[in-house]
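**Student:** Quick check, what structure comes out for this input:
(2 chains)
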2 protein chains.
Amino acid sequence: MANAIDFYFDFSSPYGYFAATKIDDIAAKYGRTVVWRPILLGAIFKITGQQPLPTIPLKGSYAKHDLARSARLFGVPFKLPSRFPVAGQAPSRAFYWVGDRDPVLARTLAQALYRAYFAEDRDISSPEVTANVAAKLGVNRDELAQALNDPAVKERLKSEVDAAIERGVFGSPYIIVDGEPFWGSDRLGQVERWLETGGW
Amino acid sequence: MANAIDFYFDFSSPYGYFAATKIDDIAAKYGRTVVWRPILLGAIFKITGQQPLPTIPLKGSYAKHDLARSARLFGVPFKLPSRFPVAGQAPSRAFYWVGDRDPVLARTLAQALYRAYFAEDRDISSPEVTANVAAKLGVNRDELAQALNDPAVKERLKSEVDAAIERGVFGSPYIIVDGEPFWGSDRLGQVERWLETGGW
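**Tutor:** Purely as a prediction, here's the structure:
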């Protein structure tokens, strides 16, 4: 069986949001599945010394312009959130906790959380907002609220982030196909070409 | 007459080198010309707080891998130089000085300098190496050597860099089409689409 594709993303990453709308379709064209892996760029940026895009002089202004333009190109609704970036702990923990019970639902949840944040300007860093989004998909709100504070769930996310760093993940989206890493939503064309040709 | 395309690049930028092999052909397809504008990322990084790619943990390793892979995709010879990055003063000053006399020759010189650095591992930050590359194209070596130390030529480069910063340029390559900025060699497809459609 062909290897699954690893799709690393941060819930506060707009380019991750764009890629999340396409990655499953691209993989399916080549008979591949995708393992979605939310990570925390904040933890990774401590190692790489990078700063969140909007805070970087010159590059931050470009990024705002490029995000709106990229959203139009990807054909997805987008509005730069009032608070950006935000911490991804709540949505990431929700994802892994739901995913251990229902992987398909977890993916639907990830897409709904991304839309809530980047299309509807809802602050998904809030456990309540994340719980509201999940509850609408049939997740038990009380159980989820408990899970978001469960040390085991916190540890699960931490170990996922550590494993990502171990693999060299430094940005979002970060996609690994048969050991080959691709960073950025503008590399989806190369991801597809790699899947089609096996490399170049 | 259609606006010329502004092509900003640093002589020490491998992605600038890749883009330099394509930008004129892309522009010509849409009846456009290109104004080549070497800049100094070192000066710009002082403002943005960015670091040279190879020095960034995790991202630096990815960049090395990505550069080799991108070179194969662009179909250009590439070898990561022994000294990388290097200061771009000598090649940039040579470019502007030659360009004021012969713009076509200046572009040929830029391409030859890029090849010398990224395909032949010659350290073009050295005025002698830059002069050797230029002399091979018929540039008078003594006059050029003098120009590289001419305060007016130094000032010319400095004012080009200042003007680039004023326009928001923070990376290489950085391409402006009818006021629309595109950063990175992986945006050449979007540059072409913008030229074709007038935007989206």
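**Student:** Can the helix or strand bottoming out on mean pLDDT in chain A be said to contact chain B?
**Tutor:** Least confident helix or strand, chain A: helix A:41-48 with a mean of 93, by mean pLDDT, DSSP states H and E. Yes - using C-beta under 8 Å from any C-beta of the partner chain, we find that helix A:41-48 touches chain B at A:44, A:47-48. C-beta here means a position set from N, CA and C on the backbone, and glycine is covered the same way.
**Student:** In PyMOL, select just the buried ones from these.
**Tutor:** Per 16 or more other C-beta atoms under 10 Å in any protein chain shown, the buried members of the residues of helix A:41-48 next to chain B correspond to this PyMOL selection:
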select buried, chain A and resi 44+48
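**Student:** gap between the two ends of stretch A:68-83?
**Tutor:** Using C-alpha to C-alpha, to the nearest Å, the end-to-end distance of stretch A:68-83 comes out at 16 Å.
**Student:** now check that stretch, is it near chain B?
**Tutor:** Yes - counting by C-beta under 8 Å from any C-beta, contacts between stretch A:68-83 and chain B involve A:69, A:72-73.
**Student:** ok, back up a step: just the residues of helix A:41-48 next to chain B now: which is nearest A:S125?
**Tutor:** Among the residues of helix A:41-48 next to chain B, A:I44 lies closest to A:S125 (C-beta to C-beta), at 17.0 Å.
**Student:** check contacts around the closest one.
**Tutor:** Counting by C-beta atoms under 8 Å, 6 or more residues apart in numbering or on different chains, A:I44 touches A:50, A:161, A:164-165, A:169-171, B:58.
**Student:** now those as a markdown table including secondary structure and distance to B:D186?
**Tutor:** Formatted as a markdown table, the contacts of A:I44 follow (DSSP: H, G, I helix; E, B strand; the rest coil; distance: C-beta to C-beta, whole Å):
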| residue | secondary structure | distance to B:D186 |
| --- | --- | --- |
| A:Q50 | coil | 18 |
| A:V161 | helix | 26 |
| A:A164 | helix | 22 |
| A:I165 | helix | 24 |
| A:V169 | coil | 19 |
| A:F170 | coil | 17 |
| A:G171 | coil | 14 |
| B:L58 | coil | 19 |
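**Student:** Same list, those residues, but as a markdown table with neighbour count and distance to A:K29 please.
**Tutor:** Converted to a markdown table, the contacts of A:I44 look like this (neighbours: other C-beta atoms under 10 Å in any protein chain shown; distance: C-beta to C-beta, whole Å):
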| residue | neighbour count | distance to A:K29 |
| --- | --- | --- |
| A:Q50 | 20 | 32 |
| A:V161 | 23 | 30 |
| A:A164 | 23 | 25 |
| A:I165 | 17 | 30 |
| A:V169 | 26 | 24 |
| A:F170 | 26 | 27 |
| A:G171 | 22 | 24 |
| B:L58 | 19 | 30 |
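**Student:** Chain B contacts on chain A?
**Tutor:** A:44, A:47-51, A:56-59, A:61-62, A:65-66, A:69, A:72-73, A:165, A:168-171, A:181, A:183-184, A:186-187, A:189-190, A:200.
**Student:** From those, list the buried ones, please.
**Tutor:** Neighbour-count burial (16+ other C-beta under 10 Å) applied to the residues of chain A next to chain B gives A:44, A:48, A:50, A:56, A:58-59, A:62, A:66, A:69, A:165, A:168-171, A:181, A:183-184, A:186-187, A:190.
**Student:** Quick one: neighbours of A:L137, just the number.
**Tutor:** By other C-beta atoms under 10 Å in any protein chain shown, the residues close to A:L137 number 15.
**Student:** again, but for the one 10 residues further on
**Tutor:** Residues near A:A147, counting by other C-beta under 10 Å, number 23.
**Student:** Just list the residues touching it, thanks.
**Tutor:** Counted by C-beta under 8 Å, 6+ apart, A:A147 has contacts A:93-94, A:97, A:153.
**Student:** The same query, at a cut-off of 6 Å, please.
**Tutor:** By C-beta atoms under 6 Å, 6 or more residues apart in numbering or on different chains, the residues touching A:A147 are A:97, A:153.
**Student:** Same question for the one 10 residues further on.
**Tutor:** Shown here is A:L157, whose contacts under the criterion C-beta under 6 Å, 6+ apart are A:92-93, A:96.
**Student:** Then A:L195?
**Tutor:** A:Y30.
**Student:** Make sure it is indeed in a helix.
**Tutor:** Yes - according to DSSP: H, G, I helix; E, B strand; the rest coil, A:L195 belongs to a helix.
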